[in-house]
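> Structure, please.
(2 chains)
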Amino acid sequence: MAKALRVVHYVNHFFGQKGGEAAAGLPPEVREGPVGPGLALEKALEGRGRVVATVVCGDDHFSENLDQVGQQIMALIKPYAPDLVVAGPAYGSGRYGMACGKVCELAQRELRVPAITGMNEENPGADLFRREALIVSTGETARTMAQDLGRMVRLAEKLVEGQELGEPAQEGYIPHGLRKNRLAEWSASRRAVDMLLAKIGGRSFQTELPLPKFEPVAAPAAIGDVSRARIALITDGGLVPKGNPDRLESRGATKWLGYSISGRDRLTPQEYESVHTGFDTTLVNQDPNRLVPLDAARELEQEGEIGKLHEEILTTTGVWTSLANARKFGREMAEKLKLEHIEGVILTST
Amino acid sequence: MRLELGSFPVTDIVFGARTRWQDSVLEIDARALLEEMRSDPRITRAELELARPGESVRIWPVRDAVEPRIKVEGPGVAYPGICGRAIDTVGQGRTHRLAGMSVVEVSEVLPHDAGGDYNSIFYDMSGPWAEMIPMSKLLNLCLLVEADPALTIIDQNDAVHRATLKLADRLAATTVGLEPPQREVFELGPVDPALPKVVYIPCLHSAQAMSGNGSNGFFCTTATYGLSMLTPPWPMHPNEILDGAITGPYRIATSWHLANNRILLELYRRHGVDLNFAGVIAVRTEWTTMEEKELMCLQTAKVAQMLGAQGAIVAWDAGGNEFLEVVHTVRACQRAGIKTVLLTSEDDPTGGAPTLLEPLPEADAVVSTFIGGSGYPGGSGPASSQMLPAMARVIGSPTRLVGAVRDEVIDVAGPMPPPRYNDTYGFGRYSGVEY
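Residues are numbered from 1 along each chain as shown, chains lettered A, B, ... in the order given. The predicted structure is shown next:
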């Protein structure tokens, strides 16, 4: 590396030599040069960089107001124009871990500076910030500080040089929880047979896809009195006005749409069709009420079984849709319906 | 059941005055063969073009690719049942194949009655997309074939696929009476009883969900002895599959992939070495209700138990809805005491989204073949947001309709995003990894 890296180091009140628990409420301050573990950090840099400044903040003060204090710390770091921000390592300390995660997240996002921290995998800061931050996996105590800073520096240098990092286990960082493709040594078929024989034989094997976790969706409370409730019809079956004037995608939808049904008692095949590519649309295109039961819903409305039918149908195409988009559609639809005081939804899928 | 597979390597294809295989060169009398294709009054176009590995060629749209195979001994015909072919049980005797080539069905005929359907599969013969797919390493004899658009979609499918099979039959017939340069015998003979018994469970999309109306079940998508409708779990001898008993296209998976199924061959070649290959259970997916789906999964586990399986590899040809049968089959097998590995592609991880639709804890041994989805930019190999380079020549349609409602015309030869990639049959080395 030609030019010595300018490094700003973040540490908490304890490692910043401000004192014990009594100092945990201290606001952030900046000091020139390395402080405490910053000396070991500079040593680990082996002359390829130096610690130009250290930001110190009390753990309680930071963790009680992560966003605001985080912004203050960015303001303290910015004048030093660092090439790299190093935070911690925080080991098993939860409040310190959150602080380090936040500093890294903001340094990357707001200052566009590569950042690295270290902490134990069980640290709540790891769970909260591993998506955004590069976190070297450490033990629970500071006994291994020198080695840990050495590992952080080696990884940070790759980051600064824009090198692609290897796999988490091999590089020693906590996985971001993201996925990417790589070429394996053997074909998928051979890997499958090998994995199966290991599993049958009780030998160790590593799944290539640790099972993802989904956000739990709590069932909402029941509608007390449906005969007074406003009900909306939603579909992911690709229902559109004939000719698809708003160009809803047949698959891989990037949007959802709303269409007024005001004054209509049913959906006619002259006016509506489905553009969904995941099922045979023949029967829906003969009678679109088979997809969105406006006819039956209107009858129930007239009979007083439901209070009021919402005068707009919400629609999208649910096939090859990314989960990111599906979540976005769901949130947007729910927000809109809430504003319009809709209490219940009949969602017909395909 | 003993099957001898005789391979006739094809290192070059030339157009000439007759149709014959000699010294690894396939000579083709295009005029006579095409006359035969065109004798079906439903066919409105039949032409031949050749694409060689490494050429700057894009083939679009690809409906299927068929390896020419012919039965020279034993009952039945290769690729039985589909397009009205004989349904005798196959898998015995001797079958000849032309190795290193395929007949590519290049056609605008849509596979389904589904809304907004379109053909999105294409092959490049060079460049990053070519590196990913086994088809680009083959000599691809392309049959450009179209049917009368006034016919039903079922009849159009039948017409173009029948023509493709007819051509493949004629080419494979050049090996009748010749001694195959390479032979391999496939037989599930007795092995050391200590070896673990393993079944292969391919989950196959059924066309019924997308073309239920008017179909009599014999439809030219992935078909088992011609049947593509929803059927209960179907136990099969792997030799039947080597004779093309499961055939026909579904998106990126073709007849060629099915007949050369790498998972099946891997299990077969290790039969008696480190495992005991107990057979195949073909499962149909995209049933309507969860109860139907669960029933099929439980019945699949039952059949696996009846085959004495201690282990199973479950794989599928990818989609969304269909994954429920797939992962519930994994669970049913595990609960029946059958150790199971799932071979699957992964969904779009944009925004840190989970890449598996339903992560049942029983799916604790997963081989990931690729992370796909629309617009996923990450990792090695082309993803759908990365453009493939322009090609010098196009086989098929020179223009293509793209966009949300496919009303924008683009030049097929130009830079283009790759089609959605799945490695259903375990050919490739890609794997999704966490980072």
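> can you pull out the helices in the stretch 201-350 of chain A?
Here the stretch 201-350 of chain A has its helices, by DSSP state H, counting those that start in this stretch, at A:282-286, A:294-302, A:323-339.
> could those helices go into TSV alongside mean pLDDT and distance to chain B?
In this view, the C-beta of every residue, glycine as well, is placed from N, C-alpha and C. Below are those laid out as TSV (pLDDT from 0 to 100; distance: least, CB to the nearest CB, whole Å):
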stretch	mean pLDDT	distance to chain B
helix A:282-286	92	5
helix A:294-302	97	19
helix A:323-339	93	4
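> Same list, the ones you listed, but as JSON lines with mean neighbour count please.
Converted to JSON lines, the helices of the stretch 201-350 of chain A look like this (neighbours: other CB atoms under 10 Å in any protein chain shown):
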{"stretch": "helix A:282-286", "mean neighbour count": "17"}
{"stretch": "helix A:294-302", "mean neighbour count": "16"}
{"stretch": "helix A:323-339", "mean neighbour count": "15"}
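> The ones you listed: which one's closest to B:V62?
For the helices of the stretch 201-350 of chain A, proximity to B:V62 was assessed by CB to CB; helix A:282-286 is nearest, at 25.7 Å.
> now for that closest one, which elements pack on it?
strand A:272-274 (3 or more CB pairs under 8 Å, 6 or more residues apart in numbering or on different chains; DSSP states H and E).
> Just give me the neighbour total for B:D192.
9 (other CB atoms under 10 Å in any protein chain shown).
> For it, grab phi and psi.
phi -50, psi 120 (degrees, to the nearest 10).
> Not counting residues beside it along the chain, what's closest to it?
Counting by CB to CB, 6 or more residues apart in numbering or on different chains, B:G272 is the residue found nearest to B:D192 once chain neighbours are left out, at 7.2 Å.
> try A:S250
B:G116 (2.8 Å).
> distance of A:S250 from B:R262?
Using CB to CB, to the nearest Å, A:S250 is found at 32 Å from B:R262.
> what's near enough to touch B:R262?
A:187-189, B:425-427 (CB atoms under 8 Å, 6 or more residues apart in numbering or on different chains).
> at 7 Å what do you get?
A:187, A:189, B:425-427 (CB atoms under 7 Å, 6 or more residues apart in numbering or on different chains).
> Excluding sequence neighbours, find me the nearest residue to B:R69.
In space, B:R69 is closest to B:A78, 4.0 Å off (CB to CB, 6+ apart).
> For B:P419, grab phi and psi.
The phi and psi values for B:P419, taken as degrees, to the nearest 10, are phi -70, psi 170.
> Give the helix, strand or coil label for the residue nearest to A:S250.
Classification of B:G116 by DSSP: H, G, I helix; E, B strand; the rest coil places it in coil.
> swap in the one 3 residues further on?
Following three-state DSSP, the label given to B:N119 is coil.
> Could you pull up the residues touching it?
B:N119 is in contact with B:61, B:63, B:108, B:110, counting by CB under 7 Å, 6+ apart.
> do you know how far the closest residue to A:L314 other than its chain neighbours is from B:G320?
Leaving aside its sequence neighbours, A:L314 sits nearest to A:I234 (CB to CB, 6+ apart; 4.5 Å). According to CB to CB, A:I234 stands 18 Å off from B:G320.
> Show me which of those two is the more surrounded one.
Neighbours per residue (other CB under 10 Å) separate A:I234 from B:G320, with A:I234 holding more: 25 against 14.
> and A:I174, how many neighbours?
22.
> and the longest helix for chain B?
helix B:153-172 (DSSP state H).
> how about the nearest residue to A:E332 once chain neighbours are set aside, what does it touch?
Excluding the flanking residues, the one nearest A:E332 by CB to CB, 6+ apart is A:W256, at 7.0 Å. A:W256 makes contact with A:314-316, A:329, A:332-333 under the criterion CB under 7 Å, 6+ apart.
> B:R58 now?
Counting by CB under 7 Å, 6+ apart, the residues that B:R58 touches are B:122, B:124, B:391, B:394, B:412-413.
> Just say helix, strand or coil for it.
strand.
> how close does it get to B:D124?
5 Å.
> So for the two, which residues contact both of them?
Joint contacts of B:R58 and B:D124 (CB under 7 Å, 6+ apart) are B:M391.
> Remind me what the longest helix of chain B packs against, helices and strands.
With contacts defined as 3 or more CB pairs under 7 Å, 6 or more residues apart in numbering or on different chains; DSSP states H and E, the packing partners of helix B:153-172 are helix B:30-38, strand B:43-51, strand B:62-66, strand B:69-73, strand B:93-99, strand B:101-106, strand B:139-147.
> Just give the number of residues close to A:R50.
15.
> Leaving out sequence neighbours, find the closest residue to residue 67.
All of this is about chain A. A:K102 (7.9 Å).
> wait, chain B
B:W256 (4.8 Å).
> Confirm for me that the one you found is in contact with B:V66.
Yes. Using CB atoms under 7 Å, B:W256 makes contact with B:V66 at a distance of 6.2 Å.
> residue furthest from the geometric center of the chain?
This is for chain A. In chain A, the residue that sits farthest from the middle, by CA atoms, centre = their mean, is A:E303; the gap is 45.7 Å.
> Wait, chain B was what I had in mind.
Residue farthest from the centre of chain B, counting by CA atoms, centre = their mean, is B:A194 at 33.6 Å.
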